[in-house]
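In: With the sequence up front, the predicted model follows.
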Amino acid sequence: MHKIVIITERLASLSYKFAEENNIHLFPVNIIYKDEIFKDDNDIKANKFLNELPTFDEIPSTAVPSIGELYELFKVILKNSKEGIYISASSKLSGIYNVGLKVSKMLKNDGINLKVFDSYGVVSIEGMYTFEALKLSKEGKDLDTIYKQLEIIKKERNIVEYGVLETLKYLQKNGRIGKAKAWIANLFSFKPLISAKNGELEPIAKVRTNEQGLNLIVSKIKKDLENKNNKKITVMFDYSLSTDYLKDEVEPRIKKEFNSNIISYNQISIAVACHLGPSVWGVCVKYE
Amino acid sequence: MITSINSKQLVNLFIYAEKSVSNRKDIINNLNVYPVPDGDTGTNLSLTLKEITKNLKINNYYTLSELSTIISDSSLMGGRGNSGVILSQFLNGFCSTFKNKKEINIDTFLKSFENGTLEAYRSVTNPVEGTILTIMKAATKEIKDKQNEKDILKILKSVLNKSQFILKKTPDMLPKLKEAGVVDAGGAGFVYILEGFYNSLIKNKEDIFINSDNFTSPPLARTWENYPGLFGTGGLIGIFDFNYQAIKFTLKNIIWLIKKGWLVVKIGGNLLSIKKAFRLIIKLSKELKLQNIKKSNISIHKLIQAWNDKPDEKYCIEVILSDTNISKKEIRNYINRIGGKSNIIIQTNNITKIHFHSLIKKDIRNYFEKIGKIKMFKIDDLYKQQNEFLGKKFESKGNNKTTKVIAIVNGKGFEKLYKSFGGVLTINGGSTMNPSYALLKKATENLNSNTIIILPNNKNIFLVVKKLAENNNRNIKIIPTKDQVQGLSCLLNFNPDLNINSNVEMMSSFLKSIKTFSITMSIKETRIDNKKIIKGEYISLIEGKLLAKDKILDVLVIKSIKLITKNYSLVTIYYGQDIDKKSVLNLKNKIFNSYRKEVQIYDGGQPFYHYIISME
């Protein structure tokens, strides 16, 4: 039986090491800084770019690969397998989903069955869906079943993420600020606490400190769990420059409050940092 | 006369189209407002077209069949971003139509556009009008309507005109475009492509090249573009008005820049801060420039109003009439009768253009419908525009469905902070923070809202506001804030668009997360909580009880912070009136050095208390 190939972008916060260990194919998107194109296509580069971001003169912009680029890449990845699933960033936040769809149609002519799943998220939301696809594939589920399962999870909102940013500046500059636009002109300083809803960024609250953010996130998860029968949660953490706050405060609190299984600490891609800022942390939760 | 397009002309069509889009790349990029995440539309379209032209060599001979393959394959492979992808699908349908023909005659030309548009619509899961698709559709329809014309060049000219016209309408089809004051970026790109097509076929260099810039990036002073007046758009008066406003606008902002820069210099007071001031001015002027470029499609009238204080008149009304017998004077009289201001009326040929500001919008359209044929009628809410531009939420006086907040404050700085949130009415509680019941009642009555949240900011008035809520037929809820700082923490998550109960739940959850103490000087010898206080000694008070005392102000602050044992990460200092900002900055450094906590400073302007300090 051919193995089902699992593909996603580095936008999903997974590291290349994690990807390699778990047989997931990761590809970078393009980062444009001062007319040069960069790709965070390995872990060393990814970490280096992220650390340098605060020192850049201007905020870089991001761009998706062209149809041709992606087609060539996927053709190589799927060469030996003929079946795969590409878990893409939210179609509402990136054009890559549409590119993925086009490429999937082209691959069909080459006899390759590639399903494209709109994760309605980025960072560890996408990472969690990828991990779930991996789990199902290991259990021997076929491609259609895996896709349907992911759709069910999406419909029931069983993968969510709550994150705390340092500033709205990056979101505002690169345009994906959405409903949080109303928060811009505020004399009183705050950290935005955000989530994702229907594929878009959802502003939840303005908090003054990380502690307030953590308290609110815990209460949000508690509220989510009221409707679920199984109180067990699977967790992935998103970090940018340092894991300190997550390791010192967030993980112990999550472990204390919930029956939780923490899978990984994921560093966000610089492409995401260009939109959220270089100082963010997030908790991605999968409900059973 | 061009009755058909041969392969050599087809190559030129794309070479000119690529140049047209690439030269206008930045203009198109500036139109992006992300209704669909597309990145930079201008760059994407330029790169997609470049992918095509790099495979077309001018002096080579290609058959139409070869060109069909080259163009559709290159655009597919090079298709970038949503707009690039849609274009490549259009070109796929376009090229497949003439693949087996020897030349593209008028009938084939129409069918190519028809197939192209069909493919383009098919390629999008949720086709939306007001995008590049709409322009493609309009262009195709125009070719169809002009099927009797024998000259392709003339057809293209009217297609280009029609497409520019539809492009101008895209803000009416997509609210997000209207909000941002721009036309659709993808649509603009397609218009530039059509312009390139047209220009490539013109033999005589003296023939006018239609410039689509007027439809994608109009100069600042446009309020009506479709009908050129005397001496160009808006007429002579329009030009004078524009120049006057432009000079006023520039001067006003220079003063603002200088004011900001001077503030920085004043704070520092030494050579280093002049450098700081200079840097700040550069930064501010960059931001100003950025705002201008982004918003340059909004007519100068709206731009001016955005920077001014709240305009007196709420609505900006623009009308274009034809076939009217009424004189300018009579129209002006009507406008004055209804209390309208800043009116501009221009009559040329058969067209009358009217622009004015008014407090009301009722029945105005009816009046104009009676006196002539309406070609355009537009009402803009100036308040909404201004505040969207400034990023504020505005308290729309007419709307009593949104929740409002009443907060008791004391201190000019606190008043400003509270007011910076939309939908908040502040009442000065005086130094005892104790407004009368009558004053509070009057405030709730004047507030045009049926759902009100009150932040008392003082334990003393809990009972008073409770009585107020009980004896009122409006829905009044109280969040028991003990001081202004706690009130701010709660107010941070006030959302006027949510219902009152959701607001109260969210806002109340922040009551516990903050601890506040105040610092003042004892005016006489006294005893508090069994401790003797000397006159002139500084004391810190928390929830009415004595926290600590010291003869030196800064030492007291450091001492008091230490006494609050829970682990807080943020210290915020609100300094009172007459406090020297330099001393506050010194204090901030001391706190940071002692405790390594983040320290924020705000001007509270409160009397009596030197510092109000919160820990979160």
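Out: Everything's here; your move.
In: Next secondary structure element downstream of the lowest-mean-pLDDT helix or strand in chain A?
Out: Sorting the helices and strands of chain A by mean pLDDT, DSSP states H and E puts helix A:169-174 at the bottom, at a mean of 78. Later in the chain than helix A:169-174, the nearest helix or strand by DSSP states H and E is strand A:191-197.
In: Other residues contacting that next one?
Out: Contact with strand A:191-197 is made by A:90, A:120-122, A:125, A:160-168, A:171, A:180, A:183, A:201-210, A:213, A:216-217, A:220, as judged by Cβ atoms under 8 Å, 6 or more residues apart in numbering or on different chains. From N, CA and C alone the C-beta is placed, and that goes for glycine too.
In: Please name the residues that touch the residue in the stretch 1-150 of chain A positioned nearest to chain B.
Out: The minimum distance from the stretch 1-150 of chain A to chain B, using Cβ to the nearest Cβ, falls at A:Gly68 (3.4 Å). By Cβ under 8 Å, 6+ apart, the contact set of A:Gly68 is B:Leu76, B:Met77, B:Gly78, B:Gly79.
In: sorry, back to before: check which helices and strands the least confident helix or strand of chain A sits against.
Out: With contacts taken as 3 or more Cβ pairs under 8 Å, 6 or more residues apart in numbering or on different chains; DSSP states H and E, helix A:169-174 sits against helix A:270-276.
In: What average pLDDT does the helix it packs on get?
Out: Averaging pLDDT along helix A:270-276 gives 90.
In: Which neighbouring elements make contact with the helix or strand following it?
Out: Sequence order places strand A:280-287 as the next helix or strand after helix A:270-276, per DSSP H and E. Contact partners of strand A:280-287 among helices and strands, from 3+ Cβ pairs under 8 Å, 6+ apart: helix A:123-138, strand A:159-165, helix A:210-226, strand A:232-239.
In: one more time with 6 Å
Out: helix A:123-138, strand A:159-165, strand A:232-239 (3 or more Cβ pairs under 6 Å, 6 or more residues apart in numbering or on different chains; DSSP states H and E).
In: any idea whether the closest residue to B:Gly93 other than its chain neighbours is helix, strand or coil?
Out: Spatially, and ignoring its direct neighbours in sequence, B:Gly93 is nearest to B:Glu119 (3.3 Å; Cβ to Cβ, 6 or more residues apart in numbering or on different chains). Secondary structure for B:Glu119, judged by DSSP: H, G, I helix; E, B strand; the rest coil, is helix.
In: Can you pull the residues of the stretch 401-550 of chain B lying near chain A?
Out: Residues of the stretch 401-550 of chain B lying near chain A by Cβ under 6 Å from any Cβ of the partner chain: B:Leu417, B:Ser420, B:Leu492, B:Asn493, B:Ser513.
In: What's the local residue count around the last one?
Out: Here the count is done by other Cβ atoms under 10 Å in any protein chain shown, and B:Ser513 has 19 residues near it.
In: That one: what secondary structure?
Out: Following three-state DSSP, B:Ser513 is assigned to coil.
In: per-residue confidence for B:Leu133?
Out: 94.
In: The one 3 residues further on too?
Out: Predicted confidence (pLDDT) at B:Met136: the value is 97.
In: Surely it touches B:Thr117?
Out: Yes. B:Met136 is within contact range of B:Thr117, at 4.4 Å (criterion: Cβ atoms under 6 Å).
In: neighbour count winner among those two?
Out: B:Met136 (28 against 22).
In: Please, which helix or strand holds the closest residue to B:Leu194 other than its chain neighbours?
Out: Excluding the flanking residues, the one nearest B:Leu194 by Cβ to Cβ, 6+ apart is B:Leu160, at 5.0 Å. According to DSSP H and E, B:Leu160 maps onto helix B:152-173.
In: One more: A:Asn261?
Out: strand A:259-267.
In: just B:Ile70 next, same as before
Out: With DSSP H and E as criterion, B:Ile70 is part of helix B:64-78.
In: pLDDT averaged over stretch B:84-94 - what is it?
Out: For stretch B:84-94, the mean per-residue pLDDT is 89.
In: can you list the residues that contact that stretch?
Out: A:98, B:44, B:48, B:71-72, B:75-76, B:79, B:112, B:115-116, B:118-120, B:123, B:132 (Cβ atoms under 6 Å, 6 or more residues apart in numbering or on different chains).
In: Perfect, that will be all.
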